[in-house]
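# Sequence and predicted structure are below.
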Amino acid sequence: MTEVYTTLTVNDISPLGEKSEDGIPLIRLPIKEDTRVLKPTKEDLTVSEPVTPEKIEEKLKIYGGCFVKNYLPEEDCDAILNDVMPHLDAFKTSGDASNFISPTTRRVSGTCVKSKTAAEKFLAHPLNLAVSDKFLGKENLFRLGDDQVVTGLSRAQHNSCITFAVGPGSADQPLHRDDILHHNIRKYQDKYEFGGETAVGTVLALKKTRKENGATRFIPGSHLWDHYRAPKEEETVYAEMEKGDCFFMLASCYHGGSANTTKDDERIITILFMTQGTLRQEENIFLGTPVEYFKSLSIPALAALGLQISQPFCGWYENEDPIKLLLPESGYDFSQFREVYKVVA
Ligand SMILES: O=C(O)CCC(=O)C(=O)O
Ligand SMILES: [Fe+2]
């Protein structure tokens, strides 16, 4: 293995104080030898039956992404589609000035508060909860006084859930990492290390997705790259899926929506991201959502939305865990601390 640096940070990017011919300021990036390219087959990337969180975890550690066939039944996909369709139809866009979202792409944010099926079946899917907790959950020990130790459990929580309808004529989205929103600066890794991931995504195909209609493309193994390596188109693999299949992806993995070169085949997917329970959520889904909606949800869905406290002290409302206040009849009790230990000298 070529020797690589592991200690550089974003501060090692130096502005040169000069501009290009078109007036854009120039910077210098550190150059590093990392030419690793993975070329897995579709089969390598697909989790075998019976699907377990451990099998998904294994693939994500190696490739940064993996497929789960028949993740949700067709009727759940149809129910989500039905719930978001009026919002999609009402969507007006002129695109994104930075070419990140094509003007021919319609999108609905807050899918988990616009579709109860999305919240209960997609967000609270046991595989999503288990896998996101594995990569994003935390459980640590903290001192109270001189001889007590408590534990605090911080589960993964909803970050964003957006339905995209990528229309014919949409262009390739630039390859990117979705953890840029948390300013996550990745270091080179030989082998996947837990602790540095800030988000885990699942892309659900609400219709068949294929290269021609703009399937998400991603770079297997790019979750192990440092902050400086540039993603190249020739390194990508297309996440082609049947309706109801899903693609798990670490946010540190390079990916992007692709060009839809068809005449009339809109690609419709819902992308859910989970984040750490101690980080700021990308979407503010609480503003504008009637409290009755939250009261109608199950405990697992509320917890996954971020309405369960992250032990010990993150996210409470009026000194209580929000779920206790939303569902007072449920007998729910999730205390501020998890367990108390006495220190053995
Ligand atoms: O359209 C897709 O498949 C991916 C979209 C995406 O990665 C994003 O908007 O961040
Ligand atoms: Fe993305």
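Happy to help now that I have it. Ligands and ions are numbered 1, 2, ... in the order given.
# I31 and N184: what is the separation?
The gap separating I31 from N184 is 21 Å, by Cβ to Cβ, to the nearest Å. Every residue, glycine included, has its C-beta placed from N, CA and C.
# Looking at those two, which is more packed in?
Legend: neighbour count by other Cβ atoms under 10 Å for I31 and N184, higher for N184 (17 against 8).
# residue contacts, the closest residue to ligand 1 within the stretch 101-250 of the chain?
At 3.4 Å from ligand 1, T216 is the closest residue in the stretch 101-250 of the chain, using Cβ to the nearest ligand atom. By Cβ atoms under 8 Å, 6 or more residues apart in numbering, the contact list for T216 reads 203, 209, 238-239, 247, 255-258, 269.
# Could you find the closest non-adjacent residue to it?
Nearest residue to T216, sequence neighbours excluded (Cβ to Cβ, 6 or more residues apart in numbering): A239, at 4.4 Å.
# wait, isn't K207 in contact with T262?
No: the criterion here is Cβ atoms under 8 Å, and K207 misses it with T262 at 11.8 Å.
# Looking at the two, which one has more neighbours?
The neighbour comparison of K207 against T262 (other Cβ under 10 Å) goes to K207, with 18 against 15.
# Spatially nearest residue to that one (excluding sequence neighbours)?
I268 (4.9 Å).
# and the one you found, what is it in contact with?
Residues in contact with I268 (Cβ under 8 Å, 6+ apart) are 81, 163-166, 206-207.
# Nearest to D321 among these?
T163 (29.6 Å; Cβ to Cβ).
# show me where this protein has helices.
For the chain, the helices defined by DSSP state H cover 42-45, 53-63, 74-90, 111-114, 116-117, 126-136, 291-295, 299-302, 322-326.
# How about the third one and ligand 1, any contact?
In this case it means helix 74-90. No: for helix 74-90, no contact with ligand 1 is found by Cβ under 6 Å from any ligand atom; the gap never falls below 14.0 Å.
# picking that back up, any idea how far ligand 1 is from the residue nearest to K207?
Distance from I268 to ligand 1, counting by Cβ to the nearest ligand atom, to the nearest Å: 10 Å.
# L272 reaches N128, doesn't it?
Yes: counting by Cβ under 8 Å, L272 does reach N128; the two are 7.1 Å apart.
# Spit out the residues that contact those two alike.
With Cβ under 8 Å, 6+ apart, L272 and N128 have common neighbours 122, 202.
# can you pull the contacts of L129?
With Cβ under 8 Å, 6+ apart, L129 has these contacts: 155-156, 300, 304.
# With E318 instead?
Contacts for E318 (Cβ under 8 Å, 6+ apart) come out as L325.
# And stretch 257-274, what's buried?
With burial defined by 16 or more other Cβ atoms under 10 Å, the residues of stretch 257-274 counted as buried are 257-260, 265-274.
# next one: that stretch to chain centre, how far?
16 Å (Cα atoms, centre = their mean, to the nearest Å).
# hang on, the earlier thing: check contacts around the residue nearest to T216.
65, 67, 203, 209, 215-218, 247.
# would you turn the residues you listed into JSON lines with distance to Y188 and pLDDT?
Output for the contacts of A239, formatted as JSON lines (distance: Cβ to Cβ, whole Å; pLDDT from 0 to 100):
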{"residue": "G65", "distance to Y188": "19", "pLDDT": "98"}
{"residue": "F67", "distance to Y188": "26", "pLDDT": "98"}
{"residue": "V203", "distance to Y188": "26", "pLDDT": "98"}
{"residue": "T209", "distance to Y188": "31", "pLDDT": "98"}
{"residue": "A215", "distance to Y188": "28", "pLDDT": "97"}
{"residue": "T216", "distance to Y188": "25", "pLDDT": "98"}
{"residue": "R217", "distance to Y188": "23", "pLDDT": "98"}
{"residue": "F218", "distance to Y188": "19", "pLDDT": "98"}
{"residue": "F247", "distance to Y188": "25", "pLDDT": "98"}
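# Next, give me the two most distant ones among the contacts of L129.
Farthest pair in the contacts of L129 (Cβ to Cβ) is A156 and P300. Separation: 12.1 Å.
# So if I had to pick from those two, which one is more boxed in?
Set A156 next to P300 and count neighbours by other Cβ under 10 Å: A156 wins out with 29 against 16.
# residues in contact with the more buried one?
The neighbours of A156, taking Cβ under 8 Å, 6+ apart as the test, are 129, 132-133, 135-137, 200, 274-277, 304.
# related to what we said a few turns ago, which one of the buried residues of stretch 257-274 is nearest ligand 1?
Using Cβ to the nearest ligand atom, G257 comes nearest to ligand 1 of the buried residues of stretch 257-274, at 2.5 Å.
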